[in-house]
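Colleague: Let's see this in three dimensions:
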Amino acid sequence: MPGIVDRLDYIASLGVDAIWISPFFKSPMADFGYDIADYRDVDPLFGTLEDFDRLLREAHARGLKVMVDQVPSHCSIEHPWFVESRQDRDNPKADWFVWADARPDGSPPNNWLSIFGGVAWTWDPRRRQYYLHNFLPAQPDLNVHNPAVQAALLDVARFWLKRGVDGFRLDAINYAMHDPGLRDNPPAPDRGTVRTRPSDFQLPIHNQGHPLLLDFIRSIRRLTEEHGGKFTVAEVGGLDALPAMKMLIQGTDRLHSAYGFDFLYADRLTPALVRSVLEAWPSHGDALWPSWAFSNHDAPRAVSRWAAPEHRDAFARLAMLLLISLRGNVFLYYGEELGLPQASIDFEDLQDPEAIANWPLTLGRDGARTPMPWRGDDPFGGFSTCLPWLPVVPEQLALNVSDQQRQPGSMLAWTRQLMALRKTNMALREGDLQVLEAGDALLVIERRTATQQLRCVFNLASAPLPRPASAPTTWRTLAQTGNPQAVLLPGFSGLILEKTP
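Modeller: Modelled structure (predicted):
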């Protein structure tokens, strides 16, 4: 917590509205804090409750809101709730987790598979039953069908709201309720893509997204409204997440927004991809409000997924221009404002259990979680005075904050310029969106309010393209990258134009 406080001036200088902090609660760290042992306290690794209260005060003093992660679908195997639940079948918390008897042959109750590999059930000899874990065995699933569990989770949220948090990001919320009948999941069709996880071979229709989840979602919304209308955003993973995302935010009694993995798991950024994703969220009629991220802690950094090394600088600038042009909330992942690529981590330095298990078939998550490079003259990048939990790699150290602060044309300066542009142009913040063109490489988006019309033009390929025709006397340039010319769009370039009266 003190480290975040020390960097709040920098965060505020980016022009963002809020910060989202991933789990900092007491945890044995089997999954980097997403296995929570105490929902109401700060893990000593990060500080104390008093440190968190100071963080809130200092952030609010700078006009920054603070969102925290809530993990309602599962907790740690070391949480007192689970410790009690596993003792026998008759204790007060016996039904707080998802327990099931073995099949007659001793095998798990159904075919559900864990996101992190293997079956989603672990045998517990104390109860002589299996417990469900959609993630690691160290992350038992809560039985959110149980009203007492819902009340306990709402009380946790109330605890943080009373401390002054401004909203919640609800982790893996679609996994919070399962099919009580424990029916087998059907096989997933072959989509022609590489399936790196066993769970990719199933359609997870019975271990997530149960319709009764909506009643719990409404309870969360009522609670946040009682505390001044705090913001809520759902994380919804999976290949077919769109219906669940929309279900969770439809109407005024559910969550405010949702973000999925359309861009986060895409191995290429193409006009066709952007069109298909954006047109699934029409901005007319009873429009829903999405959230967008190109990078986050669960996916390899976008510039490494979407661009060759020689194009990364140009592409990072283009991607930031596109991100601020989208309708919805923009989630900026730390280091994205510097153009950080995915770090290459040696096997002996890996921390991510999934990356270790799948080495070297997947990039894993560690390469997107390396320490922030604050200075280039320090082997640890100014992140710490001792060896950090993951190495600071040279390609990231070269893009450090200190050097970019001194460069007017840096990626950091470009990001600040674009954040300011989005804040001062209502069409970018709240306007309708229409995809005007999505060819092989050319993407043209229109953003419009009653008083402003913008045209956002992007070349998503390395080769130059003819620039779409427009009357130069009626359009003025608000932002551009890659030096577009009157008749030519260089590779990985883009611009935002405003129609003049």
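
Colleague: M177 and D215 touch, don't they?
Modeller: No. Counting by Cβ atoms under 8 Å, D215 is not a contact partner of M177; they are 9.5 Å apart. Every residue, glycine included, has its C-beta placed from N, CA and C.

Colleague: Going along the chain, name the helices of the stretch 201-350 of the chain.
Modeller: Taking DSSP state H, counting those that start in this stretch as the test, the helices found in the stretch 201-350 of the chain are 213-226, 242-249, 271-279, 302-306, 312-323.

Colleague: Show me the one of those that comes nearest L264.
Modeller: Between L264 and the helices of the stretch 201-350 of the chain, the shortest gap by Cβ to Cβ is with helix 302-306, which sits at 8.2 Å.

Colleague: now for the helices of the stretch 201-350 of the chain, which one comes closest to E84?
Modeller: Nearest to E84, of the helices of the stretch 201-350 of the chain and by Cβ to Cβ, is helix 213-226 at 22.1 Å.

Colleague: buried stuff in the closest one?
Modeller: Within helix 213-226, the residues that qualify as buried are L213, L214, F216, I217, S219, I220, R221, L223, T224, counting by 16 or more other Cβ atoms under 10 Å.

Colleague: Could you pull up the residues touching the fourth one?
Modeller: By Cβ atoms under 8 Å, 6 or more residues apart in numbering, the residues touching I217 are I173, L248, R254, L255.

Colleague: hmm, try it at 10 Å
Modeller: Contact analysis of I217 by Cβ atoms under 10 Å, 6 or more residues apart in numbering lists 72, 170, 173, 176-177, 232, 234, 247-249, 253-255.

Colleague: Contact partners for the closest residue to N134 other than its chain neighbours?
Modeller: In space, and not counting its chain neighbours, N134 is closest to Y175: 4.9 Å by Cβ to Cβ, 6 or more residues apart in numbering. Taking Cβ under 10 Å, 6+ apart as the contact definition, Y175 lies against 72-74, 115, 132, 134-135, 141-142, 144, 204, 207-210, 213, 235-238.

Colleague: follow-up on the earlier one: which neighbours do M177 and D215 share?
Modeller: The contact sets of M177 and D215 overlap at Q150 (Cβ under 10 Å, 6+ apart).

Colleague: Check the offset of the helix or strand bottoming out on mean pLDDT in the chain from the chain's centre.
Modeller: The weakest-scoring helix or strand in the chain, judged by mean pLDDT, DSSP states H and E, is helix 353-358 (a mean of 79). Averaged C-alpha coordinates place helix 353-358 at 20 Å from its chain's average position (Cα atoms, centre = their mean, to the nearest Å).

Colleague: Can you point out the buried residues in that helix?
Modeller: Buried positions in helix 353-358, judged by neighbour count with 16+ other Cβ under 10 Å: P353, E354, A355, N358.

Colleague: hang on, the first one packs against Q139?
Modeller: No. Counting by Cβ atoms under 10 Å, Q139 is not a contact partner of P353; they are 11.0 Å apart.

Colleague: residues shared between the contacts of these two?
Modeller: Overlap between the neighbourhoods of P353 and Q139 consists of A30, D31, F116, taking contacts as Cβ under 10 Å, 6+ apart.

Colleague: distance of R317 from A398?
Modeller: The gap separating R317 from A398 is 17 Å, by Cβ to Cβ, to the nearest Å.

Colleague: repeat for F380
Modeller: Taking Cβ to Cβ as the criterion, F380 is separated from A398 by 15 Å.

Colleague: now E84
Modeller: The spacing between E84 and A398, counted by Cβ to Cβ, is 51 Å.

Colleague: Which of the two has more residues huddled nearby?
Modeller: Neighbour totals were compared for E84 and A398, and E84 leads with 15 against 11 (other Cβ atoms under 10 Å).

Colleague: Not counting sequence-adjacent ones, nearest residue to that one?
Modeller: In space, E84 is closest to K93, 4.6 Å off (Cβ to Cβ, 6+ apart).

Colleague: in terms of contact, does the one you found touch V83 like I think?
Modeller: Yes. Between K93 and V83 there is a contact at 9.0 Å, judged by Cβ under 10 Å.

Colleague: Neighbour count: those two, which is higher?
Modeller: Each of K93 and V83 has its neighbours counted (other Cβ under 10 Å); K93 has more, 19 against 13.

Colleague: OK, contacts around the residue sitting nearest the centre point of the chain?
Modeller: Per Cα atoms, centre = their mean, the C-alpha nearest to the average position across the chain is that of N296, at 5.1 Å. N296 is in contact with 20, 22, 235, 259, 261, 263-264, 302, 331-334, 336, 365, 368-369, counting by Cβ under 10 Å, 6+ apart.

Colleague: Give the bridge partners for it, please.
Modeller: A299 (DSSP bridges).

Colleague: Please apply the same query to A479.
Modeller: Where A479 sits in a bridge, its partners, by DSSP bridges, are I496.

Colleague: how near is the nearest residue to L153 once chain neighbours are set aside to Y175?
Modeller: The shortest distance from L153 to any residue other than its chain neighbours is 5.0 Å, reached at P72 (Cβ to Cβ, 6+ apart). Between P72 and Y175 the distance is 9 Å, computed by Cβ to Cβ.

Colleague: overlap in contacts of the two?
Modeller: L142, V144, L213.

Colleague: any idea which of the residues you listed is least confident?
Modeller: In terms of pLDDT, the weakest of these is L213, which scores 95.

Colleague: Quick one: residues contacting that one.
Modeller: With contact taken as Cβ under 10 Å, 6+ apart, L213 is in contact with 72-73, 144-145, 173-178, 244, 247-248.

Colleague: again, only this time at 6 Å
Modeller: With contacts taken as Cβ atoms under 6 Å, 6 or more residues apart in numbering, L213 has the following neighbours: A176, M177.

Colleague: which of the residues in whatever helix or strand A413 lives in are buried?
Modeller: Counting by DSSP states H and E, the element that carries A413 is helix 411-424. For helix 411-424, burial by neighbour count (16+ other Cβ under 10 Å) applies to M411, L412, W414, T415, R416, Q417, L418, M419, L421, R422.

Colleague: any idea how far the residue nearest to N134 lies from R365?
Modeller: Plainly put, Y175 is 18 Å away from R365 if you go by Cβ to Cβ.

Colleague: can you check N134 too?
Modeller: Between N134 and R365 the distance, using Cβ to Cβ, works out to 17 Å.

Colleague: Repeat that for M245.
Modeller: According to Cβ to Cβ, M245 and R365 sit 22 Å apart.

Colleague: Same question for M29.
Modeller: With the distance defined as Cβ to Cβ, M29 ends up 14 Å from R365.

Colleague: wait, doesn't D352 sit right on G367?
Modeller: No. D352 is beyond contact range of G367, at 9.0 Å (criterion: Cβ atoms under 6 Å).

Colleague: Give me the pLDDT value at the closest residue to P186 other than its chain neighbours.
Modeller: Setting aside the residues directly before and after it, P186 is nearest to L203 in space (Cβ to Cβ, 6+ apart), at 5.2 Å. pLDDT, the model's per-residue confidence, is 92 for L203.

Colleague: got it, and T473?
Modeller: Predicted confidence (pLDDT) for T473: 69.

Colleague: any low-confidence regions in the chain?
Modeller: Judged against pLDDT under 70, the low-scoring parts of the chain cover residues 285, 362-363, 470-473.

Colleague: for it, longest helix please?
Modeller: Using DSSP state H to define each element, the chain has its longest helix at helix 147-163.

Colleague: Could you pull out the buried residues of stretch 436-455?
Modeller: Within stretch 436-455, the residues scored as buried using 16+ other Cβ under 10 Å are A438, A441, L442, L443, V444, I445, E446, R447, R448, Q453, L454, R455.
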